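Predicted model and sequence below, questions to follow.
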Amino acid sequence: MQRRALHLSLLAGLLAVSGFVSAQTKWDLPAAYPATNFHSVNLNQFAADVDKASGGKLKITVHPGASLFKAPEIKRAVQGGQAQIGEILLAAYQNEWQMFGADGLPFLATSYDDSVKLYKAQRPILEKKLSEQGMKLLYAVAWPPQGIYSKKPIQSAADLKGSKWRAYSPSTSRIAELVGAQPVTVQAAELSQALATGVVEANMTSGATGVDSKLYEHLKYYYDVQAWLPKNAIIVNKKAFDALDKSTQDAVVKAAAEAETRGWAASQKVNTDTMAVLKANGMTIQAPSAQLKADMQKVGATMVKEWLAKAGPEGQAMLDAFRK
(Lines give C-alpha, C1' and ligand atoms only; values in the text may rest on other atoms or scores of the structure.)
Protein backbone atom coordinates (compact mmCIF):
# COMPACT_ATOMS: atom_id res chain seq x y z
CA MET A 1 0.00 0.00 0.00
CA GLN A 2 2.84 2.36 0.90
CA ARG A 3 4.57 1.66 -2.45
CA ARG A 4 1.32 2.28 -4.34
CA ALA A 5 0.77 5.51 -2.42
CA LEU A 6 4.29 6.58 -3.29
CA HIS A 7 3.64 5.75 -6.96
CA LEU A 8 0.45 7.76 -6.94
CA SER A 9 2.22 10.64 -5.24
CA LEU A 10 5.02 10.61 -7.84
CA LEU A 11 2.47 10.37 -10.66
CA ALA A 12 0.54 13.32 -9.26
CA GLY A 13 3.78 15.28 -9.05
CA LEU A 14 4.67 14.48 -12.65
CA LEU A 15 1.21 15.45 -13.83
CA ALA A 16 1.46 18.71 -11.93
CA VAL A 17 4.83 19.48 -13.51
CA SER A 18 3.66 18.53 -17.01
CA GLY A 19 0.52 20.58 -16.45
CA PHE A 20 2.63 23.62 -15.57
CA VAL A 21 4.83 23.14 -18.63
CA SER A 22 1.86 22.80 -20.97
CA ALA A 23 0.26 25.85 -19.38
CA GLN A 24 3.29 27.99 -20.21
CA THR A 25 3.25 29.46 -23.71
CA LYS A 26 6.33 30.84 -25.47
CA TRP A 27 6.18 33.48 -28.19
CA ASP A 28 8.92 34.89 -30.41
CA LEU A 29 8.83 38.60 -31.24
CA PRO A 30 11.05 39.58 -34.19
CA ALA A 31 12.01 43.28 -34.44
CA ALA A 32 14.17 45.11 -36.97
CA TYR A 33 15.94 47.67 -34.81
CA PRO A 34 18.95 47.52 -32.43
CA ALA A 35 18.48 46.32 -28.85
CA THR A 36 19.34 49.82 -27.61
CA ASN A 37 16.69 51.54 -29.76
CA PHE A 38 13.81 52.97 -27.72
CA HIS A 39 11.30 50.78 -29.58
CA SER A 40 13.26 47.64 -28.64
CA VAL A 41 13.65 48.77 -25.02
CA ASN A 42 9.89 49.29 -24.91
CA LEU A 43 9.28 45.83 -26.39
CA ASN A 44 11.39 44.22 -23.67
CA GLN A 45 9.44 46.08 -21.00
CA PHE A 46 6.19 44.95 -22.66
CA ALA A 47 7.40 41.32 -22.61
CA ALA A 48 8.39 41.61 -18.93
CA ASP A 49 5.00 43.13 -18.07
CA VAL A 50 3.17 40.29 -19.85
CA ASP A 51 5.29 37.71 -18.04
CA LYS A 52 4.52 39.27 -14.66
CA ALA A 53 0.81 39.93 -15.29
CA SER A 54 0.22 36.42 -16.66
CA GLY A 55 1.99 34.81 -13.71
CA GLY A 56 4.63 33.37 -16.03
CA LYS A 57 2.06 31.70 -18.30
CA LEU A 58 3.20 33.66 -21.38
CA LYS A 59 6.88 34.21 -22.11
CA ILE A 60 7.72 36.56 -25.00
CA THR A 61 11.29 36.57 -26.34
CA VAL A 62 12.24 39.74 -28.23
CA HIS A 63 14.67 39.24 -31.16
CA PRO A 64 16.01 42.75 -32.05
CA GLY A 65 18.28 43.85 -34.89
CA ALA A 66 16.56 41.74 -37.59
CA SER A 67 18.19 38.68 -35.96
CA LEU A 68 15.19 36.37 -36.47
CA PHE A 69 13.57 37.85 -39.58
CA LYS A 70 14.59 40.80 -41.76
CA ALA A 71 12.31 43.85 -41.58
CA PRO A 72 10.29 43.14 -44.77
CA GLU A 73 9.71 39.50 -43.69
CA ILE A 74 8.21 40.12 -40.24
CA LYS A 75 4.58 40.77 -41.21
CA ARG A 76 4.42 37.63 -43.34
CA ALA A 77 6.07 35.63 -40.53
CA VAL A 78 3.39 36.71 -38.04
CA GLN A 79 0.58 36.22 -40.54
CA GLY A 80 1.81 32.71 -41.36
CA GLY A 81 2.47 31.73 -37.74
CA GLN A 82 6.27 31.44 -38.05
CA ALA A 83 6.37 34.06 -35.30
CA GLN A 84 3.44 34.63 -32.97
CA ILE A 85 4.00 38.36 -32.57
CA GLY A 86 6.17 40.99 -34.28
CA GLU A 87 7.01 44.65 -34.78
CA ILE A 88 6.61 46.22 -38.22
CA LEU A 89 7.05 49.65 -39.77
CA LEU A 90 3.57 50.33 -41.16
CA ALA A 91 4.72 52.61 -44.00
CA ALA A 92 6.90 49.83 -45.43
CA TYR A 93 3.74 47.97 -46.48
CA GLN A 94 2.11 50.78 -48.45
CA ASN A 95 2.36 48.89 -51.74
CA GLU A 96 0.30 46.07 -50.22
CA TRP A 97 -2.43 48.42 -48.98
CA GLN A 98 -2.29 52.21 -49.25
CA MET A 99 -3.64 52.85 -45.75
CA PHE A 100 -0.54 51.26 -44.21
CA GLY A 101 1.44 54.18 -45.66
CA ALA A 102 -0.69 57.09 -44.40
CA ASP A 103 1.81 58.07 -41.71
CA GLY A 104 4.66 58.06 -44.25
CA LEU A 105 3.17 60.87 -46.34
CA PRO A 106 5.42 63.96 -46.11
CA PHE A 107 4.00 67.01 -44.34
CA LEU A 108 0.60 65.45 -43.60
CA ALA A 109 1.20 64.99 -39.86
CA THR A 110 4.41 66.72 -38.76
CA SER A 111 4.05 67.00 -34.97
CA TYR A 112 3.37 64.54 -32.17
CA ASP A 113 -0.09 66.02 -31.66
CA ASP A 114 -0.95 65.62 -35.34
CA SER A 115 0.56 62.15 -35.38
CA VAL A 116 -1.72 61.08 -32.52
CA LYS A 117 -4.72 62.51 -34.40
CA LEU A 118 -3.73 60.60 -37.54
CA TYR A 119 -3.32 57.38 -35.55
CA LYS A 120 -6.80 57.76 -34.05
CA ALA A 121 -8.23 58.14 -37.58
CA GLN A 122 -6.10 55.28 -38.90
CA ARG A 123 -6.44 52.70 -36.10
CA PRO A 124 -10.00 51.40 -36.72
CA ILE A 125 -9.28 50.64 -40.37
CA LEU A 126 -5.87 49.14 -39.52
CA GLU A 127 -7.55 46.84 -37.01
CA LYS A 128 -10.15 45.76 -39.57
CA LYS A 129 -7.56 45.05 -42.28
CA LEU A 130 -5.20 43.15 -39.98
CA SER A 131 -8.12 41.12 -38.62
CA GLU A 132 -9.04 40.11 -42.18
CA GLN A 133 -5.41 38.96 -42.58
CA GLY A 134 -5.54 36.84 -39.43
CA MET A 135 -3.79 39.32 -37.13
CA LYS A 136 -4.57 41.69 -34.30
CA LEU A 137 -3.09 45.16 -33.72
CA LEU A 138 -1.82 45.46 -30.16
CA TYR A 139 -0.27 48.92 -30.20
CA ALA A 140 1.70 51.43 -32.27
CA VAL A 141 4.36 54.01 -31.44
CA ALA A 142 5.63 56.86 -33.61
CA TRP A 143 9.24 57.46 -34.50
CA PRO A 144 10.57 61.00 -33.95
CA PRO A 145 10.04 63.45 -36.85
CA GLN A 146 12.03 62.67 -39.99
CA GLY A 147 14.79 65.01 -41.16
CA ILE A 148 17.27 65.08 -44.04
CA TYR A 149 20.84 63.82 -43.55
CA SER A 150 23.43 64.72 -46.15
CA LYS A 151 27.15 64.72 -46.87
CA LYS A 152 26.96 68.22 -48.34
CA PRO A 153 24.98 71.40 -47.52
CA ILE A 154 21.46 71.57 -48.99
CA GLN A 155 19.72 74.85 -49.74
CA SER A 156 16.99 73.48 -52.02
CA ALA A 157 15.69 70.18 -53.36
CA ALA A 158 17.82 70.75 -56.47
CA ASP A 159 20.91 70.08 -54.32
CA LEU A 160 19.71 66.49 -53.82
CA LYS A 161 19.62 65.77 -57.57
CA GLY A 162 21.68 62.71 -58.48
CA SER A 163 22.54 61.80 -54.87
CA LYS A 164 22.30 58.18 -53.68
CA TRP A 165 19.24 58.34 -51.44
CA ARG A 166 18.42 55.65 -48.87
CA ALA A 167 14.87 54.37 -49.26
CA TYR A 168 13.12 52.12 -46.74
CA SER A 169 9.49 52.42 -47.87
CA PRO A 170 7.49 53.24 -51.02
CA SER A 171 7.13 56.87 -49.90
CA THR A 172 10.87 57.39 -49.32
CA SER A 173 11.53 55.96 -52.80
CA ARG A 174 8.96 58.34 -54.29
CA ILE A 175 10.53 61.34 -52.54
CA ALA A 176 13.85 60.42 -54.18
CA GLU A 177 12.19 60.29 -57.61
CA LEU A 178 10.48 63.65 -57.13
CA VAL A 179 13.70 65.45 -56.13
CA GLY A 180 15.79 63.71 -58.79
CA ALA A 181 17.80 61.55 -56.38
CA GLN A 182 18.66 57.88 -56.91
CA PRO A 183 16.69 55.66 -54.49
CA VAL A 184 18.62 52.78 -52.92
CA THR A 185 16.66 50.37 -50.71
CA VAL A 186 18.54 49.86 -47.44
CA GLN A 187 17.01 48.55 -44.19
CA ALA A 188 18.03 50.03 -40.83
CA ALA A 189 20.22 47.05 -39.92
CA GLU A 190 22.39 47.60 -43.04
CA LEU A 191 22.49 51.42 -43.02
CA SER A 192 25.91 51.83 -41.37
CA GLN A 193 27.56 49.55 -43.90
CA ALA A 194 25.79 51.24 -46.82
CA LEU A 195 27.14 54.61 -45.69
CA ALA A 196 30.65 53.29 -45.11
CA THR A 197 30.79 51.82 -48.62
CA GLY A 198 29.29 54.89 -50.33
CA VAL A 199 26.07 53.12 -51.34
CA VAL A 200 24.12 55.92 -49.60
CA GLU A 201 24.92 59.67 -49.54
CA ALA A 202 21.69 61.15 -48.19
CA ASN A 203 18.50 60.01 -46.51
CA MET A 204 15.47 61.04 -44.50
CA THR A 205 15.14 59.42 -41.11
CA SER A 206 14.81 60.26 -37.42
CA GLY A 207 17.38 61.39 -34.90
CA ALA A 208 16.97 57.99 -33.23
CA THR A 209 18.13 56.12 -36.35
CA GLY A 210 20.82 58.76 -36.83
CA VAL A 211 22.30 57.82 -33.45
CA ASP A 212 21.65 54.06 -33.79
CA SER A 213 23.55 53.97 -37.10
CA LYS A 214 26.12 56.63 -36.12
CA LEU A 215 25.26 58.67 -39.21
CA TYR A 216 27.56 61.43 -37.92
CA GLU A 217 30.53 59.25 -38.91
CA HIS A 218 29.61 59.56 -42.60
CA LEU A 219 27.13 62.44 -43.02
CA LYS A 220 27.77 65.95 -41.76
CA TYR A 221 24.49 67.84 -42.13
CA TYR A 222 21.04 67.31 -40.62
CA TYR A 223 18.08 69.44 -41.71
CA ASP A 224 15.20 69.36 -39.23
CA VAL A 225 12.36 69.43 -41.77
CA GLN A 226 10.03 67.37 -39.51
CA ALA A 227 8.48 65.75 -42.55
CA TRP A 228 6.48 62.93 -40.94
CA LEU A 229 6.38 60.57 -37.95
CA PRO A 230 6.10 56.97 -39.17
CA LYS A 231 4.82 54.37 -36.72
CA ASN A 232 5.98 50.93 -35.66
CA ALA A 233 3.08 48.58 -34.94
CA ILE A 234 3.07 45.46 -32.80
CA ILE A 235 0.91 42.79 -34.39
CA VAL A 236 -0.03 39.33 -33.12
CA ASN A 237 -1.24 36.22 -34.92
CA LYS A 238 -4.96 35.88 -34.08
CA LYS A 239 -4.85 32.10 -33.68
CA ALA A 240 -1.98 32.43 -31.22
CA PHE A 241 -3.82 35.17 -29.31
CA ASP A 242 -7.14 33.29 -29.31
CA ALA A 243 -5.40 30.18 -27.93
CA LEU A 244 -4.53 32.07 -24.72
CA ASP A 245 -6.89 31.88 -21.74
CA LYS A 246 -8.94 35.00 -21.01
CA SER A 247 -6.77 36.26 -18.13
CA THR A 248 -3.61 35.97 -20.26
CA GLN A 249 -5.30 37.77 -23.16
CA ASP A 250 -6.27 40.55 -20.77
CA ALA A 251 -2.66 40.73 -19.53
CA VAL A 252 -1.39 41.16 -23.11
CA VAL A 253 -3.94 43.87 -23.96
CA LYS A 254 -3.25 45.79 -20.74
CA ALA A 255 0.54 45.58 -21.19
CA ALA A 256 0.12 46.73 -24.81
CA ALA A 257 -1.88 49.81 -23.77
CA GLU A 258 0.82 50.70 -21.23
CA ALA A 259 3.57 50.13 -23.82
CA GLU A 260 1.81 52.46 -26.26
CA THR A 261 1.59 55.29 -23.71
CA ARG A 262 5.17 54.72 -22.56
CA GLY A 263 6.46 54.45 -26.15
CA TRP A 264 5.03 57.76 -27.34
CA ALA A 265 6.53 59.54 -24.31
CA ALA A 266 9.88 57.83 -24.95
CA SER A 267 9.79 58.91 -28.60
CA GLN A 268 9.48 62.57 -27.64
CA LYS A 269 12.33 62.30 -25.15
CA VAL A 270 14.50 60.45 -27.68
CA ASN A 271 13.84 63.18 -30.24
CA THR A 272 15.36 65.80 -27.90
CA ASP A 273 18.18 63.56 -26.64
CA THR A 274 19.34 62.34 -30.06
CA MET A 275 19.58 65.83 -31.49
CA ALA A 276 22.03 66.61 -28.68
CA VAL A 277 24.03 63.43 -29.41
CA LEU A 278 24.25 64.21 -33.14
CA LYS A 279 25.44 67.75 -32.36
CA ALA A 280 27.97 66.53 -29.79
CA ASN A 281 29.44 64.23 -32.45
CA GLY A 282 30.07 67.08 -34.86
CA MET A 283 26.95 67.04 -36.99
CA THR A 284 25.64 70.42 -38.16
CA ILE A 285 21.95 70.64 -37.25
CA GLN A 286 19.95 73.30 -39.05
CA ALA A 287 16.40 74.35 -39.77
CA PRO A 288 15.65 74.00 -43.49
CA SER A 289 15.99 77.09 -45.67
CA ALA A 290 12.72 78.64 -46.85
CA GLN A 291 13.42 77.23 -50.33
CA LEU A 292 14.12 73.69 -49.11
CA LYS A 293 10.99 73.73 -46.94
CA ALA A 294 8.86 74.99 -49.84
CA ASP A 295 10.35 72.37 -52.19
CA MET A 296 9.71 69.52 -49.76
CA GLN A 297 6.17 70.69 -49.01
CA LYS A 298 5.51 70.65 -52.75
CA VAL A 299 6.78 67.07 -52.85
CA GLY A 300 4.45 66.26 -49.94
CA ALA A 301 1.41 67.78 -51.67
CA THR A 302 2.13 65.74 -54.82
CA MET A 303 2.46 62.55 -52.82
CA VAL A 304 -0.76 63.07 -50.83
CA LYS A 305 -2.60 63.63 -54.13
CA GLU A 306 -1.08 60.45 -55.62
CA TRP A 307 -1.87 58.50 -52.47
CA LEU A 308 -5.51 59.61 -52.47
CA ALA A 309 -5.90 58.52 -56.09
CA LYS A 310 -4.85 55.00 -55.04
CA ALA A 311 -6.48 54.91 -51.60
CA GLY A 312 -9.86 56.06 -52.92
CA PRO A 313 -12.90 56.84 -50.72
CA GLU A 314 -11.42 54.93 -47.77
CA GLY A 315 -8.34 57.16 -47.83
CA GLN A 316 -10.42 60.32 -48.22
CA ALA A 317 -12.62 59.33 -45.26
CA MET A 318 -9.54 58.77 -43.10
CA LEU A 319 -8.03 62.13 -44.11
CA ASP A 320 -11.35 63.87 -43.41
CA ALA A 321 -11.43 62.30 -39.93
CA PHE A 322 -7.84 63.40 -39.34
CA ARG A 323 -8.46 66.98 -40.50
CA LYS A 324 -11.63 67.51 -38.43
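That came through fine. Numbering: from 1, shown residues only.

For the closest residue to Trp143 other than its chain neighbours, list the residues it contacts.
In space, and not counting its chain neighbours, Trp143 is closest to Ser206: 4.7 Å by Cβ to Cβ, 6 or more residues apart in numbering. Where C-beta positions appear, they are placed from N, C-alpha and C, glycine not excepted. If you count contacts by Cβ atoms under 8 Å, 6 or more residues apart in numbering, Ser206 has them with Trp143, Pro144, Pro145, Gln146, Gly147, Asn271, Thr274.

Model confidence for Ser206, exactly?
Listed pLDDT for Ser206 reads 94.

can you check the one 3 residues further on too?
At Thr209, the pLDDT value in this model is 92.

And for Ala188?
Ala188 is given a pLDDT of 86.

any idea how far it is from Tyr33?
In this view, Ala188 and Tyr33 are 6 Å apart by Cβ to Cβ, to the nearest Å.

So what does the residue nearest to Met318 when sequence neighbours are not counted have for phi and psi?
Nearest residue to Met318, sequence neighbours excluded (Cβ to Cβ, 6+ apart): Ala121, at 5.1 Å. Per-residue torsions, Ala121: phi -70, psi -30 (degrees, to the nearest 10).

that older thread, name the residues contacting each of Ala188 and Tyr33.
Residues touching both Ala188 and Tyr33 (Cβ under 8 Å, 6+ apart): Asp212.

higher neighbour count, the two?
Tyr33 (25 against 21; other Cβ atoms under 10 Å).

Was I right to think that one contacts Ser67?
No: look at Tyr33 against Ser67 with Cβ atoms under 8 Å: they stay out of range, at 10.8 Å.

all helices for this structure, in order.
Ranges of helices in the chain, per DSSP state H, are 2-23, 38-53, 74-79, 112-132, 170-179, 191-196, 207-212, 238-242, 246-280, 290-323.

how about stretch 90-106: buried residues?
By 16 or more other Cβ atoms under 10 Å, the buried positions in stretch 90-106 come out as 90-94, 97-106.

Specify which member of those residues is nearest to Gly300.
Using Cβ to Cβ, Pro106 comes nearest to Gly300 of the buried residues of stretch 90-106, at 3.6 Å.

mind checking how far that closest one is from Ala294?
Pro106 is 13 Å from Ala294, where distance means Cβ to Cβ.

what does Ser267 give?
Distance from Ser267 to Ala294, counting by Cβ to Cβ: 27 Å.

Comparing the two, which residue is more hemmed in?
Ser267 (24 against 13).

can you tell me which residues contact that one?
Contacts of Ser267 (Cβ under 8 Å, 6+ apart): Phe38, Tyr112, Val141, Ala142, Trp143, Pro144, Ala208, Leu229.

how about a cut-off of 10 Å?
Ser267 makes contacts with 38-39, 42, 112, 115, 141-145, 206, 208, 229, 231-232, as judged by Cβ atoms under 10 Å, 6 or more residues apart in numbering.

Looking at those residues, point me to the pair that's furthest apart.
Greatest spacing in those, by Cβ to Cβ: Asn42 and Pro145 (18.3 Å).

how near is Ala23 to Asp49?
According to Cβ to Cβ, Ala23 and Asp49 sit 19 Å apart.

The two: which is more packed in?
Comparing Ala23 with Asp49 by other Cβ under 10 Å, the one with more neighbours is Asp49, at 19 against 13.

ok, and the closest non-adjacent residue to the more buried one?
Spatial nearest neighbour of Asp49, chain neighbours left out: Ala255 (4.0 Å); criterion: Cβ to Cβ, 6+ apart.

just for the protein, where's the confidence low?
In the predicted model, the chain carries pLDDT under 70 at residues 1-22.

Run through the residues that contact Pro170.
When contacts are counted by Cβ under 10 Å, 6+ apart, Pro170 touches 91-96, 98, 100-101, 104, 183, 303, 307.

Quick check: the gap between it and Lys128.
21 Å.

Same question for Asn281.
Asn281 is 44 Å from Lys128, where distance means Cβ to Cβ.

burial of the residue lying closest to His218 once chain neighbours are set aside, as a residue count?
Of all residues not flanking His218 in the chain, Leu195 sits nearest, at 3.9 Å (Cβ to Cβ, 6+ apart). Counted by other Cβ under 10 Å, the residues lying close to Leu195 total 23.

Hmm, Ala188 and Leu195 touching each other?
No: contact criterion Cβ atoms under 10 Å: Leu195 and Ala188 do not qualify, at 11.9 Å.

hey, what's in contact with both of the two?
Common neighbours of Leu195 and Ala188 are listed as Arg166, Ser213 (criterion: Cβ under 10 Å, 6+ apart).

which residues does the residue lying closest to Glu87 once chain neighbours are set aside contact?
Spatial nearest neighbour of Glu87, excluding adjacent residues (Cβ to Cβ, 6+ apart): Ala31 at 4.3 Å. Shown in contact with Ala31 (Cβ under 10 Å, 6+ apart): 37, 39-40, 43-44, 62-69, 71, 74, 85-88, 232, 234.
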